[in-house]
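# here's my sequence, what's the structure:
(one chain, ligands or ions: 1)
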Amino acid sequence: MNIIIFGPPGAGKGTQSEFIVKKFNLFKLSTGDLLREEINKKTPLGVKITSIVNSGALVSDEIINKLIENIVSNNNYKNKIIFDGYPRNLPQAENLNKLLLKYDQKIDLVIRLKVSLDIIKKRITGRLICSKCGNTYNEFFNPPEINSSCCKKEFLEKRADDNTDVAVKRFETYEKSTEPVLDYYKKMDLIKDINGETDIESIYSKISHYLSLIEGWLCIITPYNYVF
Ligand code: AMP
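Predicted coordinates for the structure are as follows:
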């Protein structure tokens, strides 16, 4: 099973992907995470893309498609990928389709999280990431536990592109370039819409329900993670 988790920046794609990865034994392919890794390591690619990512614009399709092929072509991840942040425009969606055909795979489901700009601004400006374990929190809605053994205050960081101005720019980029991708998957009848403004657990239980309906997957769902 390969799935796409779709929605504007700050919709909760990363948070939900983490849950799905753990419960359904999938591999999360987040293009944003891959790019931030390059930036943090200051690789030649990282240096080249820093200002683009920090401005809220999209990195070139050529760069992104290469990163994607590295993973899609790897047999360890075959039919186990959750795409987070990709595809982000029509050429990327077409490229993904070609790649999946080449490696004998397909997309089984596209989950779209619907969230308004007002909520997005709060989610993005409050987002905190633990630099040790990668867990994501929100200082307004979902703060880390005070006595957490790992995610202590000194390890919590903000992303360089998580401020109101860049959030608005990222939302505009989403509306202009990324939303048209929905029509592409609508024609394939793959989209399930979920209200992304409710709490994390209810959103996850709806996603979990849709995943459970995918043929051949019910067998691996334990009573523990099969929640409605
Ligand atoms: P994200 O972590 O998905 O919010 O992505 C953060 C930033 O990385 C975006 O604002 C873009 O600058 C860049 N990025 C991530 N995924 C893509 C993609 N599929 N195509 C182009 N740029 C991307």
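# low-scoring pLDDT stretches of the chain, where are they?
215-228 (pLDDT under 70).
# get me the contact residues on it for the ligand.
With C-beta under 6 Å from any ligand atom as the criterion, the chain meets the ligand at residues 9, 31-32, 35, 52-53, 56-59, 64, 85-86, 88, 92, 161, 170. Where you see a C-beta, it was placed from the backbone N, CA and C, and this is true even at glycine.
# ends of stretch 144-162, how far apart?
18 Å (C-alpha to C-alpha, to the nearest Å).
# helix or strand for the residue in the chain that the ligand sits nearest to, which one?
Nearest residue of the chain to the ligand (C-beta to the nearest ligand atom) works out as residue 32 at 1.9 Å. Assigned by DSSP states H and E, residue 32 belongs to helix 31-41.
# would you map the helices across this structure?
For the chain, the helices defined by DSSP state H occupy 13-24, 31-41, 44-55, 61-72, 90-102, 117-126, 164-173, 180-187, 200-212.
# residues in contact with the fifth one?
In other words, helix 90-102. The contact list for helix 90-102, computed with C-beta atoms under 8 Å, 6 or more residues apart in numbering, reads 2, 61, 64-65, 68-69, 72-73, 83, 86-87, 106-107, 180-181, 184-185.
# again, only this time at 7 Å
The contact list for helix 90-102, computed with C-beta atoms under 7 Å, 6 or more residues apart in numbering, reads 61, 64-65, 68-69, 72, 86-87, 106-107, 180-181, 184.
# before we move on, what about the fourth one?
Taking contacts as C-beta under 7 Å, 6+ apart, the residues outside helix 61-72 that touch it are 29, 31, 34, 45, 77, 81, 86, 91-92, 95-96, 99-100, 103.
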